[in-house]
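Visitor: Compute the structure for the input listed below.
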Amino acid sequence: MLPTPRFSCDYEKVYEPSEDSFLLLDALEGEQKFLQSFFTSKLTVVCEVGCGSGIVTTFMIQNNIPSEHAIYLPTDVNPWAMDSMVETASLNNCCTEMLSPIRTNLTRSIRRREIDLLVFNPPYVPAESVPHMPAESEAKEGDWLDLALLGGDDGMVITWKLLDSLDEIMAPGGVAYILFCARNHPERVVEIMSTRGWKSELTEHRKAGWEVLSVYKFYR
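Guide: Sure thing, here's the model as predicted:
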């Protein structure tokens, strides 16, 4: 079993790694051999959407996932997550020369068809609506955390924005790993994505407290 990275973040401003984060780490560990054989010598662009504390991207850097020839472009709308990402990587003695965190909404600041490997632990908790983006000067304690948790109707509003853009953002032969809870109805998502030409595989599935979580791989 690969070690879990140490992490650094202000829990009042940045989502603290929890069962969903660790499930995603387990999924990536289980897919390590596949990814390292799939992405061999080419320079690979890796994007973790919503990097938060940076634990997932740091895990990938530590373990050459998908390969030693990779650049990492983690994104988050939360300005505090940018600092946490760099601090977590440094705390684990990761080389940061190939790490470039980007503060942006989803993948908006990344060029089209650029991403080879995408990882997303979305705000998946069902809620009446998706929280509005707070102004930094007016943000209250917990505002940034709500953005990381609440996903609107069925918890899928933000996830569908990403899924709907996969054809535009993924490089040819790209692979995406996305986490769902049971209330997101991932089986229905898989059916819809299959009509768009995306194959999928369930890579991890686990009951975590009151929730059932799963990680699916999407690829062409």
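Visitor: alpha carbons only for contacts and neighbour counts from here, please
Guide: OK.
Visitor: secondary structure class for residue 171?
Guide: In the three-state summary, residue 171 is assigned as strand, counting by DSSP: H, G, I helix; E, B strand; the rest coil.
Visitor: and the residue nearest to it when sequence neighbours are not counted, which of the three is it?
Guide: In this structure, residue 171 finds its nearest non-sequential neighbour in residue 113, 4.1 Å apart by Cα to Cα, 6 or more residues apart in numbering. Assigned state for residue 113: coil (three-state reduction, three-state DSSP).
Visitor: Can you give me the separation between residue 113 and residue 32?
Guide: According to Cα to Cα, to the nearest Å, residue 113 and residue 32 sit 23 Å apart.
Visitor: Look at these two and report which has more neighbours.
Guide: residue 32 (18 against 14; other Cα atoms under 10 Å).
Visitor: Report the buried residues of the helix or strand hosting residue 83.
Guide: Residue 83 is located in helix 79-91, with elements delineated by DSSP states H and E. Using 16 or more other Cα atoms under 10 Å as the test for burial, helix 79-91 gives 79, 80, 81, 82, 83, 84, 85, 86, 87, 88, 89, 90.
Visitor: returning to that earlier point: my read: the residue nearest to residue 171 touches residue 168, true?
Guide: Yes: the pair residue 113 / residue 168 is scored as a contact, 5.7 Å apart, by Cα atoms under 8 Å.
Visitor: Can you get me the centre-to-centre distance for the helix holding residue 83 and its chain?
Guide: 15 Å (Cα atoms, centre = their mean, to the nearest Å).
Visitor: Mind listing what's buried along stretch 160-179?
Guide: 162-163, 166-167, 169-171, 174-179.
Visitor: can you name the two of the residues you listed that are farthest apart?
Guide: 171 and 179 (20.3 Å; Cα to Cα).
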